[in-house]
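Trainee: Just a sequence and a predicted model for now, questions to come.
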Amino acid sequence: METPNHTSPVLADSSPTSNNTKLRGIHSGLLPYAQQSTHFSPSKYIKIPRRKPVKPDDVSSNGWLDAMRASSPPRKKLVKDFNCEIASENPDSAYLSWMNKYPSALSSFDKIMDQAKGKKIAIFLDYDGTLSPIVDDPDCAIMSNDMRSAVKNVAAHFPTAIISGRRRDMVYDLVGLTELYYAGSHGMDIMGPVNINVSNRESVKSINYQGNELNLFQPAREFLPVIDKVFRVLVESTKGIKGAKVENHKFCASVHYRNVEEKNWCVIAQCVHDVLKVYPCLRLTHGRKVLEVRPVIDWNKGKAVEFLLDSLGLSNSDDVLAIYMGDDKTDEDAFKALRQNKYGFGILVSSSPKETNAYYSLKDPTEVMKFLIALGNWKKA
C-alpha cells in the first residue's frame, strides 16, 4: 500500500460550542478502505436514557471510596483481587501466571500477524498510560518523539485513531499528527470520515474545508452547557482540597485526586456526589485516580470504535482485524466491543495483573512503542 499524501491541512472546527478556531487533526488521505455508500442507522449507535438514576445520599454508603482505592491499588492487593493462581506473597510469580492467560503481544506478534493475513487492519490507541507514561500532573504526560514516529509510521499503512478521555483538541496538541483520527471525551467528540449517510443526524456535522470533507460526531452535544456549569461548580467546591485538579474535557468533567492525601478522598468524593444529586442527567465513572462526570447516554469508547469502523467501511468482522491498546478501566468497553463483535482484540497495557476483556498484554508505553514499530516493519516486509 502506498503511503498517503501527508500535505492536507489541519481543519477549522465549525462547532459553535468550541472556543478554539482550529479543528484538531484529520488527514484527507485516511480512507484507504472506505466505502462510498455506507448507510448510517441512528438507532444503532446512541440512546439517551430519560429515567433519573438512583444515587445514595453519601459516599460512605455507595462504594465510591472502595472504587477510588481500587483504581490504582498497590501491587500486592492487585494480586489478591484478580484471582491469580499463585499466592499473593509472590507477586512476580503471580504476574507470570496472569500472563499465561493474557500473553505478551510482543511475544505473540507472529501469531497476531498470522491472524491478520488477508484482513484489513485498523489501530485504536488510548493516550495516557499507553502512548505516554502516567505522571502526577496530567499536563506533563508527553509522548516521546520516538513514540510519535512509531505512531506516524503505523498510520501511514493502517487507519489509526486515538480515543482518549481528554478533550479532542488537547490530545491532538499532545500528539501533533494529522495522519490520525481523534476521538476525545471517551469517544463523545469524534472527527472522522464522511462515508456515512448523516442527513437525519443532528449529532453529526459534515464539514468541507479546502476541498476536504469530514464528519464531526458529537452524540452528547446537548449536554455541553450543563457540563460547563458542573465543571465550574467542581472547581469552586474542590479549590480548598490540596492536590485536587478539575479538568473540562468538553463532554465530561474530570476530578483528579492522584495528588490528594487519601484521608481527603472522602471530601473530594462528596463534592462530586453532591453535584450529581443536583444533575441527574449526569453520571459518575471511575478512572485511574480520577472521578469523571459524564452525560447519562449509552456511549463509551467501545461505541466509538464501532462507529469509526463502520464509518471506514470496516464493519464486516470477517474482513477486518481491529487492535485496541489501552491501560485504563474506560478502555475495557473497547476491549469488550471488539471481543463481542469479533472485530479483533484488545491489548491491555499494565505491569500488574488486572481483570480484563483484552486478549493480550504489554507492560508499559515502551512495549507499546516496540509493538507499533514491529507492526510498521511487518507491513513493509
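Mentor: Now that the structure is in, tell me what you want to look at. Numbering: from 1, shown residues only.
Trainee: Tell me, please, where in the stretch 1-150 of the chain the pLDDT is lower than the cut-off.
Mentor: Scanning the stretch 1-150 of the chain for pLDDT under 70 picks out 1-62, 72-91.
Trainee: How much space separates Gly63 from Lys229?
Mentor: Gly63 sits 27 Å away from Lys229, taking C-beta to C-beta, to the nearest Å as the criterion. In short, each C-beta sits where N, CA and C put it, glycine included.
Trainee: For the two, indicate the residue with more neighbours.
Mentor: In this view Gly63 and Lys229 are compared by other C-beta atoms under 10 Å, and Lys229 has more residues nearby, 14 against 11.
Trainee: Can you tell me how far the more buried one is from Asp110?
Mentor: In this view, Lys229 and Asp110 are 52 Å apart by C-beta to C-beta.
Trainee: Please apply the same query to His186.
Mentor: As judged by C-beta to C-beta, His186 and Asp110 stand 33 Å apart.
Trainee: Looking at those two, which is more packed in?
Mentor: The neighbour count for His186 versus Asp110, taken as other C-beta under 10 Å, is higher for His186 (28 against 9).
Trainee: Now do the same for the more buried one: helix, strand or coil?
Mentor: Using DSSP: H, G, I helix; E, B strand; the rest coil, the structure places His186 in helix.
Trainee: okay, it: pLDDT?
Mentor: Looking at His186, its pLDDT stands at 93.
Trainee: Test my guess that it contacts Asn300.
Mentor: Yes: contact criterion C-beta atoms under 8 Å: His186 and Asn300 qualify, at 6.1 Å.
Trainee: what sits in contact with each of these two?
Mentor: Common contacts of His186 and Asn300 (C-beta atoms under 8 Å, 6 or more residues apart in numbering): Thr330.
Trainee: Around Thr178, how many other residues sit close by?
Mentor: When neighbours are counted by other C-beta under 10 Å, Thr178 registers 22.
Trainee: Equivalent analysis for Asp228, please.
Mentor: Here the number of neighbours of Asp228 (other C-beta under 10 Å) works out to 14.
Trainee: Output the helix or strand harbouring it in CSV, but only the C-alpha positions, please.
Mentor: Following DSSP states H and E, one finds Asp228 within helix 224-238. Written as CSV, here are the backbone C-alpha positions of helix 224-238 (Å, rounded to 0.1, in the frame of the first residue of the first chain):
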residue,chain,number,x,y,z
LEU,A,224,-22.4,20.9,26.7
PRO,A,225,-24.0,23.7,28.8
VAL,A,226,-24.5,21.5,31.8
ILE,A,227,-21.0,20.0,31.6
ASP,A,228,-19.5,23.5,31.5
LYS,A,229,-21.6,24.6,34.5
VAL,A,230,-20.7,21.5,36.5
PHE,A,231,-17.0,22.0,35.7
ARG,A,232,-17.1,25.5,37.2
VAL,A,233,-19.1,24.2,40.3
LEU,A,234,-16.5,21.5,40.8
VAL,A,235,-13.6,23.9,40.5
GLU,A,236,-15.1,26.0,43.2
SER,A,237,-16.1,23.2,45.5
THR,A,238,-12.7,21.5,45.4
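Trainee: ok, and for it, which residues are buried?
Mentor: Buried residues in helix 224-238, defined by neighbour count with 16 or more other C-beta atoms under 10 Å: 224, 227, 230-231, 233-235, 237-238.
Trainee: and whichever helix or strand comes after that helix, what other elements does it pack with?
Mentor: Downstream of helix 224-238, the next assigned helix or strand under DSSP H and E is strand 245-248. Contacts defined by 3 or more C-beta pairs under 8 Å, 6 or more residues apart in numbering; DSSP states H and E place strand 245-248 against helix 224-238, strand 253-256.
Trainee: ranges for the strands of the chain?
Mentor: According to DSSP state E, the chain carries its strands in the segments 120-125, 160-163, 181-184, 189-192, 204-209, 212-217, 245-248, 253-256, 282-287, 290-295, 320-326, 344-349, 360-362.
Trainee: Could you measure from Val293 over to Pro219?
Mentor: 17 Å.
Trainee: if you count what's nearby, which of these two comes out ahead?
Mentor: Comparing Val293 with Pro219 by other C-beta under 10 Å, the one with more neighbours is Pro219, at 27 against 24.
Trainee: Dihedrals phi and psi, the more buried one?
Mentor: Here is the backbone geometry of Pro219 (degrees, to the nearest 10): phi -70, psi -20.
Trainee: Surely it touches Asn300?
Mentor: No: Pro219 lies out of contact with Asn300 (C-beta under 8 Å); the separation is 10.7 Å.
Trainee: which stretches of the stretch 251-381 of the chain form helices?
Mentor: Counting by DSSP state H, counting those that start in this stretch, the segments of the stretch 251-381 of the chain that form helices are 265-278, 301-311, 332-341, 365-380.
Trainee: quick one, which of those is nearest to Leu96?
Mentor: Closest to Leu96 of the helices of the stretch 251-381 of the chain is helix 365-380 (C-beta to C-beta; 15.7 Å).
Trainee: what angle do that closest one and strand 120-125 make?
Mentor: With axes from the mean of the first three to the mean of the last three C-alpha atoms, to 10 degrees applied, the angle from helix 365-380 to strand 120-125 works out at 160 degrees.
Trainee: how many other residues sit next to the residue nearest to Arg283 when sequence neighbours are not counted?
Mentor: Of all residues not flanking Arg283 in the chain, Val296 sits nearest, at 4.9 Å (C-beta to C-beta, 6 or more residues apart in numbering). Residues lying near Val296 (other C-beta under 10 Å) number 18.
Trainee: Noted, bye for now.
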